Each structure stands twice: as C-alpha cells, then as structure tokens.
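Asker: coordinates only, sequence not included:
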C-alpha cells in the first residue's frame, strides 16, 4: 500500500489503506467475506501501529506494510485449509455415480484455495468417486461456461455446459441427483444470497425432490442479519444483458433488469457446508453454534 | 416451386414439391403446424392434378403452381384471422395493470398474423389496457431479447428484458401476475412442447401461484399423441451455446447439451388459448371438443 500509493506519513498510509480497502469491499458488497477480509487487514495495521506507539516508537511504514502482507499470506494459507475442509465435508454429500448440477463459479478461480462448492467435487474426485457435473452457463457473465467448465475440465471431471433455462428439463427427466453451489452471504436464519438464478434452481430442486446444498466458509455467514430480506440486491450494467460479449443482442433503448444476486429462503436449502462441518435445518441454532465453535 | 426448381414434367414437379415441403417441415419438426401447412399445400396440388385428370386433361404446371400459391395466400389470410381470434380470447386473461412474463417469441415475427401469446397483448393494448411485460432473453438464440422485445417496443408496450435465470426472483417478489407464451406442439392430454425453458417457468409459476397460459392455434394441437412423452426433443448445434455471440464463451471441447424444446405437463398449465376459445383442464375432453367444433 505504502509503496504503490507513495505515502510518507502514518496518516497518509492509513488514508490510502482505507481507500484500497473500500475499493476491494465495494467491488461486490454482497460478498460479506470481502468486507471480513479487508477489516482483518485494517485491524492488523492498526494493531501494529498501536504496538509501536506503546513501545514509544513511531511505526515505520515498511513495518506496517509487512504486517499487512503477512496477514494476507496467512489468509491465503487459511483459505487453502478452509477450502479443503469444506471440500472434505461436502464430498460426503456427493454419492458415487452422482449427477451434480452447479451454477456460476464457486471454485478455485473464486477463492485462494480449491473453492467452496467445487472443493467438494475435487475431494470427491480425489477419493476416487465417479460422477458427472452439469454446469449452468450463468447469464449474463457466463461464469459457469467460462470459469467452472474450464476448472472442472482441467481437473479431469466429466462436465457438460447447459444454458440456465435447461436445468429444469434435466431435473424433470431425473437427470440431476443434487445441486451444489456457493454463497455470497448467508443470514442468521440460513437464507442464502448468491448469484442470480440460485433461487430458481432452489425452487426447481424442491419441486423435484432434489437435495440443494450450499457451500461457504464461515466468513460468509452474516449473523448480524436476521434474514435475507435485509440484503440489498445489487443491480449491474444493463449492457451485460444487451451487449453480452461485444455484440448488441437487444433493441436500442429497451428496458433491462439486471440483478446480480437473489435470495434463497432457508426452507429450500437442504444443508449448508462450512469448513467447520455441515449445518442442517433449523439453521438459526445450527449456524449460531458453528460460529461459537 | 415449378419455376425455381425448373421442373418440366408432372412427376418432376411433384418430386420437387415433396422436397421443398420436407425441407420446410424439417426446419423444426417439433412445430406440428409446419407439417400441417405443407400437407395442406401438397393436398391442394394433388387435388388440382386429379381434377385435371378427371377432365381428361394433363394438369398444366402453371395451374398447379397457381393452386399452391392461392392456398398459401388463403393460409396467410386465415392465420391473420386465427391470430386475431386467439388475441381476443387471450386478452380476456390480461387484467388491467398486469405484470406479464413471456418467453421466446410467440408474436408477429413467428406467424403471418399478430402471433399467438403476443396477440393477446396486442389486443389488450388495443382495448386500452395498461400493462407491463417482462421478456426472458431466451438462451441460446435470444429470441426474447432480439425479437419479442423489438416487437413489443414497436407496439408501444412497456417491455423489460431479463436473463432467463432472473424470472424466479421476480416471481418470488410478487412482480409477475401471469405467464403467457406459445407452443410448438400440444398433445391430446394438454402436455405442451415449447421452447426450452418453458417447463422451468411452468414449475416456478405453479410454486408461486401464478397463472400459466399457453396460446396456440388449433393447427398446433396434435391429438394423435396421447401425451408429451411421445414428442422427441430436438437437439441443436453445441456452438449455439459455446459461441453464442460470435465469440467463444466456453472451453474448447467441453461437453454441451442443447435441447431446443421441453415438455410441460398439462397439470402445470392453467389454460390453453386457441382461436376457437379458451380450453381449461381437464384438457383431454376440452381439446377433443374444440377440434370437433
């Protein structure tokens, strides 16, 4: 921070740090683990400065930067362990021969480690299980076809891309055994905020009697929210819909609604997989207990 | 036919006609009204030839071509009347102030007249009703954003494009009052084969207590099929999914499943709107009766 922003005083340093931190957190306000991570970094910097003051010294900016870097590296190590632990818990839910549906990207390209939902698949594969994965392309930004399909292919997992509107048809024909995906924020009652399209899949899974699993680290649990109704839904640029991938595909000036996320009520969620274990309904007590652990 | 294919004998003429007719029918085998239309044209040509034979003449190829042309023009006139009649019946189901969801294109760009589902909206507009339409973009070919949004804007109707995976979220927030869309084929029991994504919308509508209407001419009813299970699902080129916008959006060699249609079981359909009236469940007797009319 100090280097790239050319700060010279402690005040300038902390101002620049605040700026960078809000930039990171605001990229995706819905993803509560971004705020969680930047708050951790800010706390470490403050603590290093306070410790120097207690020793009667003025904190060297280089020392502050090093404290931040060390914390960030520690968080990467932690994330690797957290992803692996989530994967180990999640893999229990992937039966041999399963046909799995996932949505968006909840994998190695979205985390420092192996991902959240996809970690379960990577561990299941490591355990020698055979299974098949259907990936929703995930309009408008196609994280499913661009990222998830790529990751799973690289890992040697059997993967088939579909358009989002094809999942129901597969479910109706008994081709999907379970749905597993990630989360951007989970409220105290187990309501799940995740990539747009998640709620529809949860409804369809319920209607077809298909288990619907959400995988996320405890840093994604936001127990300060009683329910998902308190989560504002971010809207994105209409051009993501009308000019997907460099080409106009809708009339000029047409109205567009482009929410980036939706909220899935807890009663549609079969289980929430965290690094500390699998939480089943009722989520209120289950999530509170896992956060106390 | 005679002209463009340069036929000289009656045999050549009928061979060329058969070729053109199967070409048209095979563009979209699921759409049974295409077969219905080409069969009508073939019958008219045969009848004209037979009538000439009865008169002891050899049918002039120009006369055959004219008989076909006349029949085609008559079918256009009929389609205009059929669309208008469907629209008048359908408009009854569009309440003042309604928020309507449609999928794919079931409008003037898909018929000779004003369309099937969209005809209901055009007539409702003509009747002075105010309402709002949400249009699924309809991956992979985006008929919703490319065609339906264009048509409705041109007609001065309030239209908003969404990605297919956003419809559930709108339903969950009470933003959709009814769904209306077209059909490619309807079986004797009321099962509806239509553009991929229809089944998912029907499930979601059922779960949210939203009426789900299908509009189609009686030429789309295929009472020779007991149920939709007998309709084979056409699969299309994987490149529609992986290279949809003139740009590659999925890894090379990835598996793709690209069904063009799905089948919605009759118990999810609130009503079927035809030019002869609105059919409500139970569809078996209702559809049989309307075909006898």
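Answerer: Perfect, I can see it now. Computed from a predicted structure; not experimentally measured.
Asker: output the set of residues of the stretch 1-150 of chain A in proximity to chain B.
Answerer: Taking CB under 8 Å from any CB of the partner chain as the criterion, the stretch 1-150 of chain A approaches chain B at residues A:134, A:136-140, A:142, A:145-146, A:149-150. Heads up, the C-betas are built off the backbone N, CA and C, glycines and all.
Asker: which of the residues you listed sit farthest apart?
Answerer: Greatest spatial distance in the residues of the stretch 1-150 of chain A next to chain B: A:134 and A:140, 19.5 Å, computed using CB to CB.
Asker: got the buried residues for stretch A:221-238?
Answerer: For stretch A:221-238, the neighbour count (16 or more other CB atoms under 10 Å in any protein chain shown) marks A:221-222, A:225, A:228, A:231, A:234, A:238 as buried.
Asker: in strands, which of the residues you listed appear?
Answerer: Here DSSP state E is the test, and the buried residues of stretch A:221-238 give A:221-222 as lying in strands.
Asker: save the buried residues of stretch A:221-238 as CSV, and put in distance to chain B and pLDDT too.
Answerer: Output for these, formatted as CSV (distance: CB to the nearest CB, whole Å; pLDDT from 0 to 100):
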residue, distance to chain B, pLDDT
A:221, 22, 96
A:222, 20, 96
A:225, 18, 97
A:228, 11, 97
A:231, 12, 94
A:234, 12, 93
A:238, 8, 97
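Asker: setting aside sequence neighbours, what's the nearest residue to residue A:266?
Answerer: residue A:190 (3.2 Å; CB to CB, 6 or more residues apart in numbering or on different chains).
Asker: wait, doesn't residue A:100 sit right on residue A:131?
Answerer: Yes - at 5.9 Å, residue A:100 and residue A:131 qualify as touching, with contact defined as CB atoms under 8 Å.
Asker: which neighbours do these two share?
Answerer: Contact criterion CB atoms under 8 Å, 6 or more residues apart in numbering or on different chains; residues shared by residue A:100 and residue A:131: A:94, A:121.
Asker: more neighbours: which of the two?
Answerer: Neighbour totals were compared for residue A:100 and residue A:131, and residue A:100 leads with 26 against 18 (other CB atoms under 10 Å in any protein chain shown).
Asker: helices or strands up against the helix or strand encompassing that one?
Answerer: Assigned by DSSP states H and E, residue A:100 belongs to strand A:99-102. If you count contacts as 3 or more CB pairs under 8 Å, 6 or more residues apart in numbering or on different chains; DSSP states H and E, strand A:99-102 packs onto helix A:117-126, strand A:132-136, helix A:167-172, strand A:178-181.
Asker: the inter-axis angle of the longest one versus strand A:132-136?
Answerer: When you say that, I think you mean helix A:117-126. 160 degrees (axes from the mean of the first three to the mean of the last three CA atoms, to 10 degrees).
Asker: nearest spatial neighbour of residue A:279, skipping sequence neighbours?
Answerer: Residue A:279 sits nearest to residue A:286 (CB to CB, 6+ apart), 4.1 Å away.
Asker: buried ones in stretch A:94-102?
Answerer: A:94, A:98-102.
Asker: so for residue B:253, which of the helices and strands packed on strand A:99-102 sits nearest?
Answerer: Nearest to residue B:253 among those is strand A:132-136; the distance by CB to CB comes to 14.3 Å.
Asker: partner strands of that closest one, parallel or antiparallel?
Answerer: Strand A:132-136 has the following sheet partners, assigned by DSSP bridges: strand A:99-102 (parallel), strand A:158-162 (parallel).
Asker: which one of those lies nearest to residue A:86?
Answerer: Across those, closest to residue A:86 is strand A:99-102 (CB to CB), at 14.1 Å.
Asker: quick one: the closest residue to residue A:48 other than its chain neighbours and chain B, what's the gap?
Answerer: Closest residue in space to residue A:48, ignoring its immediate chain neighbours: residue A:67 at 4.0 Å, by CB to CB, 6+ apart. Distance, residue A:67 to chain B, using CB to the nearest CB, to the nearest Å: 40 Å.
Asker: so which helix or strand takes in residue A:67?
Answerer: helix A:61-91.
Asker: ok, residue A:47 next?
Answerer: Secondary structure (DSSP H and E) places residue A:47 in helix A:32-54.
Asker: let me see the contact set for residue A:218.
Answerer: For residue A:218, the contact set (CB under 8 Å, 6+ apart) comprises A:274-276, A:290-291.
Asker: correction: the previous question concerned residue A:212.
Answerer: Contact partners of residue A:212, counting by CB under 8 Å, 6+ apart, are A:178-179, A:201-202, A:205-206, A:268-270.
Asker: now do the residue lying closest to it once chain neighbours are set aside against chain B, distance only.
Answerer: Excluding the flanking residues, the one nearest residue A:212 by CB to CB, 6+ apart is residue A:205, at 4.1 Å. Residue A:205 sits at a distance of 10 Å from chain B (criterion: CB to the nearest CB).
Asker: so residue A:205 touches residue A:171, yeah?
Answerer: Yes - Residue A:205 is within contact range of residue A:171, at 7.1 Å (criterion: CB under 8 Å).
Asker: what sits up against the helix or strand that contains residue A:287?
Answerer: Per DSSP H and E: residue A:287 is located in helix A:283-292. If you take CB under 8 Å, 6+ apart as the criterion, helix A:283-292 is touched by A:186, A:188-190, A:218, A:221, A:223, A:266, A:269, A:272, A:274, A:276-277, A:279-280.
Asker: filter the contacts of residue A:212 down to the buried ones.
Answerer: Buried members of these, scored by 16+ other CB under 10 Å, are A:178-179, A:201-202, A:205-206, A:268-270.
Asker: show the contacting residues for residue A:63.
Answerer: Going by CB under 8 Å, 6+ apart, residue A:63 touches A:48, A:52.
Asker: distance of it relative to chain B?
Answerer: Applying CB to the nearest CB, the value for residue A:63 to chain B is 45 Å.
Asker: so of the contacts of residue A:212, which ones are in helices?
Answerer: A:201-202, A:205-206 (DSSP state H).
Asker: surely the residue nearest to residue A:266 touches residue A:274?
Answerer: No - taking contacts as CB under 8 Å, residue A:190 lies outside contact range of residue A:274: 11.8 Å.
Asker: which residues does residue A:178 contact?
Answerer: A:93-94, A:98, A:100-101, A:210-213.
Asker: now do it against residue A:264, distance only.
Answerer: Using CB to CB, to the nearest Å, residue A:178 is found at 15 Å from residue A:264.
Asker: just residue A:147 next, same as before
Answerer: Distance from residue A:147 to residue A:264, counting by CB to CB: 21 Å.
Asker: who has more neighbours out of those two?
Answerer: Between residue A:147 and residue A:264, counted using other CB under 10 Å, residue A:264 has the larger neighbour count: 29 against 22.
Asker: ok, that one - contacts?
Answerer: A:191-194, A:198-199, A:202, A:214, A:228.
Asker: if you set the cut-off to 6 Å instead, what comes out?
Answerer: The contact partners of residue A:264, taken as CB atoms under 6 Å, 6 or more residues apart in numbering or on different chains, are A:192, A:198-199, A:202.
Asker: quickly list what it is bridged to.
Answerer: Beta-bridge partners recorded for residue A:264 (DSSP bridges): residue A:192.
Asker: rewinding a little: next one: the helix holding residue A:287 to chain centre, how far?
Answerer: 19 Å (CA atoms, centre = their mean, to the nearest Å).
Asker: for that helix, give the mean pLDDT please.
Answerer: The predicted model assigns helix A:283-292 a mean pLDDT of 96.
Asker: same thing with stretch A:182-194?
Answerer: Mean predicted confidence for stretch A:182-194 is 98.
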